[in-house]
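A.B. asks: with the input below, show me the fold.
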Amino acid sequence: MGRHTRALRPVQDQEVVVEHNDASDDLAKALYQEFGGSLMAFALRLTGHDRQWAEDVVQETLIKAWRNADKLDRQPEMLRAWLFTVARRTVIDGWRSRSVRPQELEEIESDAIAVSDESDRTLAAMIVYEALQGLSPEQREAIQQTYLRDRTVNEVAATLGVPPGTIKSRIHHAVRALRRALRERG
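C.D. replies: Next comes the predicted model:
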């Protein structure tokens, strides 16, 4: 008992015949010889020219052909259509699984990871608070109402019962005093 092989060969340009001599292992090889180049080109287009992925698609397509050898229609155009459909579905499954699976990232050393530190922001807020405390109560109220509560000069003037010009003057002098105080604090 010698080793039996299968050969895929065209018969009168109508049908691809797989000669059965026991070993279905050669079916994939015969299909690859007949359709491998065009199948690879097709897989490359579908995978965005990712050669490794395209090779995997071709291999998986041929494995599926090998597993379904007894069900395959042997006409070349039918084999070609079946192979290309399997390859297309394999790529679609790959795209779907890539979109669901989290992307793999390289491990980053912990020394290189930046950790957000709120200390600078807290320190700046403390300095501004101290500078605000150096203002007169009227100036502080004008700053708080216009800048922190986002109200207009006219709204603040109506709330406090003073003319709008007085509010503008308080804001002007308060901002100058704040700049001076903040410059002194660095």
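
A.B. asks: could you give me the average pLDDT of the longest helix along the chain?
C.D. replies: The longest helix of the chain (DSSP state H) is helix 76-100. The average pLDDT for helix 76-100 rounds to 88.

A.B. asks: same question, stretch 26-43
C.D. replies: Stretch 26-43 carries an average pLDDT of 86.

A.B. asks: re the thing from before, on contacts alone, who are the packing partners of the longest helix of the chain?
C.D. replies: strand 15-18, helix 25-46, helix 51-67 (3 or more C-beta pairs under 8 Å, 6 or more residues apart in numbering; DSSP states H and E). To be clear about C-beta, it is placed using only N, CA and C from the backbone, and glycine gets the same treatment.

A.B. asks: again, only using 10 Å
C.D. replies: Judged by 3 or more C-beta pairs under 10 Å, 6 or more residues apart in numbering; DSSP states H and E, helix 76-100 is in contact with strand 8-11, strand 15-18, helix 25-46, helix 51-67.

A.B. asks: what angle separates it from helix 25-46?
C.D. replies: Relative orientation of helix 76-100 versus helix 25-46 (axes from the mean of the first three to the mean of the last three C-alpha atoms, to 10 degrees): 60 degrees.

A.B. asks: buried sites along helix 76-100?
C.D. replies: Buried residues in helix 76-100, counted by 16 or more other C-beta atoms under 10 Å: 76, 79-80, 82-84, 86-87, 90-91, 94.

A.B. asks: and the angle from that helix to helix 51-67?
C.D. replies: Using the same axes, to 10 degrees: helix 76-100 against helix 51-67 is 130 degrees.

A.B. asks: now the host helix or strand of G165 - C-alpha only, PDB.
C.D. replies: Per DSSP states H and E: G165 is located in helix 164-185. C-alpha atoms of helix 164-185 as PDB (Å, rounded to 0.1, in the frame of the first residue of the first chain):
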ATOM      1  CA  PRO A 164     -23.000 100.500  36.700                       C
ATOM      2  CA  GLY A 165     -20.100 103.000  36.600                       C
ATOM      3  CA  THR A 166     -19.300 102.200  40.200                       C
ATOM      4  CA  ILE A 167     -19.200  98.400  39.500                       C
ATOM      5  CA  LYS A 168     -16.900  99.100  36.500                       C
ATOM      6  CA  SER A 169     -14.600 101.200  38.700                       C
ATOM      7  CA  ARG A 170     -14.500  98.500  41.500                       C
ATOM      8  CA  ILE A 171     -13.700  95.800  38.900                       C
ATOM      9  CA  HIS A 172     -11.000  97.900  37.300                       C
ATOM     10  CA  HIS A 173      -9.300  98.600  40.700                       C
ATOM     11  CA  ALA A 174      -9.800  95.000  41.900                       C
ATOM     12  CA  VAL A 175      -8.200  93.500  38.800                       C
ATOM     13  CA  ARG A 176      -5.100  95.900  39.100                       C
ATOM     14  CA  ALA A 177      -4.800  94.900  42.800                       C
ATOM     15  CA  LEU A 178      -5.100  91.200  42.000                       C
ATOM     16  CA  ARG A 179      -2.400  91.400  39.300                       C
ATOM     17  CA  ARG A 180      -0.100  93.200  41.800                       C
ATOM     18  CA  ALA A 181      -0.800  90.600  44.500                       C
ATOM     19  CA  LEU A 182      -0.300  87.700  42.200                       C
ATOM     20  CA  ARG A 183       3.000  89.100  40.800                       C
ATOM     21  CA  GLU A 184       4.300  89.400  44.300                       C
ATOM     22  CA  ARG A 185       3.400  85.800  45.100                       C
END
